[in-house]
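Peer 1: heads up, no residue letters with this:
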C-alpha cells in the first residue's frame, strides 16, 4: 500500500511502510499501518489522508479523513496509524498517493505504492422486470414489462436504471419459460458494472379460423360412431405458412337412425408448408349435424317341401338381416294351410302360397317379401273298423260304414261278402 520513500528530518518520524489488498467499490479495504513519532515539536501533529483513503489510531473503528496526534512536552511517542481505502472510494487506482503528517515544525509524508492500489467496480443486476407473454407471430421479438431497478448499489446510493433495453427470444416457436436475451441496460456510474438480466417468457399458439365442417351421413349399423368429418378451410396463418387439419366427431348420443344436431368436432393439426408448424397454431373445436339413415334388410326363405293331409304342423324358418326383428307369415289359401306365428297347420289338399315379410322399424326399412308355394296331397288313410249290415269286421254284399284313423268315417258299398279288399272312399280295407 505504501512506498518506502520518506523525508528525513529531526522532527516527525514515519516508519513501517506496507502494501494493501484490493477492495471493490462499496467495501473498505483491509487495513495497513505505519508509525508516527516526534520530538522537539512545536505543536500537535495532523495526519491527513488523500482522497479515497482514511486514517485511524484504532483498528476497525474511528476512521476519518484526518486525525490529530497531541504533542506532550513537544513529543509524540511512537503511534500506529491505521490506513485503508474508503468504502466510498471511487473505482480506480490509488497508487503513489501521499499521506501527510503536518505540524510540529516540519511536514512529512508517506506515499502509497506505485502499483496495486486499485478499487474495483461493484457489480449490479437488474430486477423488477418480466417478459410479456405473446401470441406466435413468426419473430423472436420480446416485450419487457415492469419497472427495472438496480440491485447491488453501494453506500446508500439510489439511481434510476439507465439505458434502452431490448429483449429477444432464443427462437420464434411456441413454448413456455423460453430463454430471453436482454441487452441495453447500462451502469449508473463508473463505480459499477451491470449484468444484463436473463428472464424467461412464453409464446402461445396462434388461433386459426375454419369454415363450417360437415359430417358424412351413415347407414344404421348399431353403433354410436359418427360419420367421417370433412373439415372446412383454414385461415389466420402468419405470412405464407400453412398447416393442415383433420377432424373427428364425437359419438352420437344414440345408435338409432335419426338426425343429431350440434355434434362436437375436435381438430388435429399437422405441419404444413413454408415453415408452418402445427405446434405454433391452435384450432378450437367446432360442431356439425350428423345423420343416420335406416338400413335395408333382406329376407332369406327357402323352398317348402310338399305335404300330405296327414302331416303334422311344421315351423317356418325364414331369416332376415335385420337384428332383432320378427318375420311375419301369411297363407294365400287357408283351406289348404293356415299360419299362426311361424307354425303352418295343414288343413286340406291343394296349393297355397306362404309369404314371409318384415315391415321394418325405426332403424330398418321394410324388407322385400319372399314367397314360397306349398302343395298338399290327400293321404291314404288306414281302416280302423267298419260295420256291414250290422256285423262288425265281416264285409259282405250291401252297404256299410268304415271308421278311419283320426275318427274319419266313410260309407262304402260292396257286391260280394266275405273277407277281401274293398274301396271305401280313398281308403283300402
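Peer 2: Perfect, thanks for sending it. Note that the structure is a prediction, hence the values are computed from the model and not measured. Numbers count the residues shown, from 1 in each chain.

Peer 1: list the contacts of residue 222.
Peer 2: The neighbourhood of residue 222, defined by Cβ atoms under 8 Å, 6 or more residues apart in numbering, consists of 255, 323. Glycine gets a C-beta too; all of them are placed from N, C-alpha and C.

Peer 1: element containing residue 248?
Peer 2: strand 243-249 (DSSP states H and E).

Peer 1: repeat for residue 88
Peer 2: Counting by DSSP H and E, no helix or strand carries residue 88.

Peer 1: numbering from 14 from now on, please.
Peer 2: Sure, I'll start counting at 14 from here, so that last one is residue 101.

Peer 1: quick check: it vs residue 294, distance?
Peer 2: As judged by Cβ to Cβ, to the nearest Å, residue 101 and residue 294 stand 57 Å apart.

Peer 1: between these two, which one's more packed in?
Peer 2: residue 294 (23 against 16; other Cβ atoms under 10 Å).

Peer 1: against residue 200, how distant is the more buried one?
Peer 2: Residue 294 is 43 Å from residue 200, by Cβ to Cβ.

Peer 1: residue 301 too?
Peer 2: 62 Å.

Peer 1: what packs against the strand holding residue 261?
Peer 2: strand 242-243, strand 247-248, strand 271-284, strand 299-306 (3 or more Cβ pairs under 8 Å, 6 or more residues apart in numbering; DSSP states H and E).

Peer 1: name the surrounding residues that touch it.
Peer 2: By Cβ under 8 Å, 6+ apart, strand 256-262 touches 221, 223, 226, 228, 239-240, 242-244, 247, 250, 276-285, 289-291, 294, 296, 299, 301, 303.

Peer 1: where does the protein have low pLDDT?
Peer 2: Within the chain, the ranges that satisfy pLDDT under 70 run 14-35, 394-442.

Peer 1: swap the cut-off to 90 and go again
Peer 2: 14-36, 117-119, 124-131, 392-442 (pLDDT under 90).

Peer 1: on that earlier part again, buried only: go through the contacts of strand 256-262 for me.
Peer 2: Buried by 16 or more other Cβ atoms under 10 Å: 221, 223, 226, 228, 239-240, 242, 244, 247, 250, 276, 278, 280, 282, 285, 289-291, 294, 296, 299, 301, 303, out of these.

Peer 1: what distance separates stretch 222-231 from the centre of its chain?
Peer 2: In terms of Cα atoms, centre = their mean, to the nearest Å, the centre of stretch 222-231 is found 24 Å from the chain centre.

Peer 1: with stretch 84-91 instead?
Peer 2: Counting by Cα atoms, centre = their mean, stretch 84-91 comes out at 87 Å from the chain centroid.

Peer 1: please apply the same query to stretch 214-223.
Peer 2: Remark: stretch 214-223 is offset 14 Å from the chain centroid, using Cα atoms, centre = their mean.

Peer 1: ok so, going back, the helices and strands packed on strand 256-262: which one's closest to residue 105?
Peer 2: Nearest to residue 105 among those is strand 271-284; the distance by Cβ to Cβ comes to 58.2 Å.

Peer 1: adjacent strands (with direction) for that closest one?
Peer 2: strand 256-262 (antiparallel), strand 299-306 (antiparallel) (DSSP bridges).

Peer 1: any idea how far it is from the chain center?
Peer 2: That offset, for strand 271-284, works out to 18 Å (Cα atoms, centre = their mean).

Peer 1: before we move on, what about stretch 359-374?
Peer 2: Worked out by Cα atoms, centre = their mean, stretch 359-374 lies 62 Å from the chain centre.

Peer 1: likewise for stretch 187-199?
Peer 2: With Cα atoms, centre = their mean, you get 25 Å for stretch 187-199.

Peer 1: go on, stretch 91-103?
Peer 2: With Cα atoms, centre = their mean, you get 65 Å for stretch 91-103.

Peer 1: now do stretch 172-181
Peer 2: On Cα atoms, centre = their mean, the centre of stretch 172-181 falls 37 Å from that of its chain.

Peer 1: ok, and for it, which residues are buried?
Peer 2: Buried residues in stretch 172-181, counting neighbours by 16+ other Cβ under 10 Å, are found at 174, 178, 180.

Peer 1: tell me who's in contact with the second one.
Peer 2: Meaning residue 178. 157, 161, 195-198.

Peer 1: hmm, try it at 6 Å
Peer 2: Shown in contact with residue 178 (Cβ atoms under 6 Å, 6 or more residues apart in numbering): 157, 195, 197-198.

Peer 1: and the next element down the chain from the helix or strand encompassing it?
Peer 2: Assigned by DSSP H and E, residue 178 belongs to strand 175-182. Next helix or strand after strand 175-182 toward the C-terminus (DSSP H and E): strand 188-199.

Peer 1: what residues does that following strand touch?
Peer 2: 139, 144, 155, 175-183, 207, 209-210, 212-216.

Peer 1: cutoff 8 Å now
Peer 2: Under Cβ under 8 Å, 6+ apart, the answer for strand 188-199 is 139, 142, 144, 155, 157, 161, 174-184, 207, 209-216.

Peer 1: let me know the closest of the buried residues of stretch 172-181 to residue 374.
Peer 2: Taking Cβ to Cβ as the measure, residue 374 lies nearest residue 180 of the buried residues of stretch 172-181, at 68.2 Å.

Peer 1: my read: that closest one touches residue 144, true?
Peer 2: Yes: the pair residue 180 / residue 144 is scored as a contact, 6.2 Å apart, by Cβ atoms under 8 Å.

Peer 1: which neighbours do those two share?
Peer 2: In contact with both residue 180 and residue 144: 155-157, 193, 212, 214, using Cβ under 8 Å, 6+ apart.

Peer 1: make a markdown table from those and add distance to residue 375 to it.
Peer 2: Shown next, in a markdown table, are those (distance: Cβ to Cβ, whole Å):
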| residue | distance to residue 375 |
| --- | --- |
| 155 | 60 |
| 156 | 60 |
| 157 | 65 |
| 193 | 62 |
| 212 | 63 |
| 214 | 58 |
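
Peer 1: return a PyMOL selection command for the buried portion of those.
Peer 2: Buried residues within these, by 16+ other Cβ under 10 Å, are selected in PyMOL with:
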select buried, resi 155+157+193+212+214
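
Peer 1: which members of the shared contacts of residue 180 and residue 144 are the farthest-apart pair?
Peer 2: Using Cβ to Cβ, the shared contacts of residue 180 and residue 144 span at most 11.1 Å, a distance reached by 156 and 212.

Peer 1: adjacent strands (with direction) for the strand holding residue 178?
Peer 2: Counting by DSSP bridges, strand 175-182 is paired with strand 154-155 (antiparallel), strand 188-199 (antiparallel).

Peer 1: which among those is found nearest to residue 133?
Peer 2: strand 188-199 (18.1 Å).
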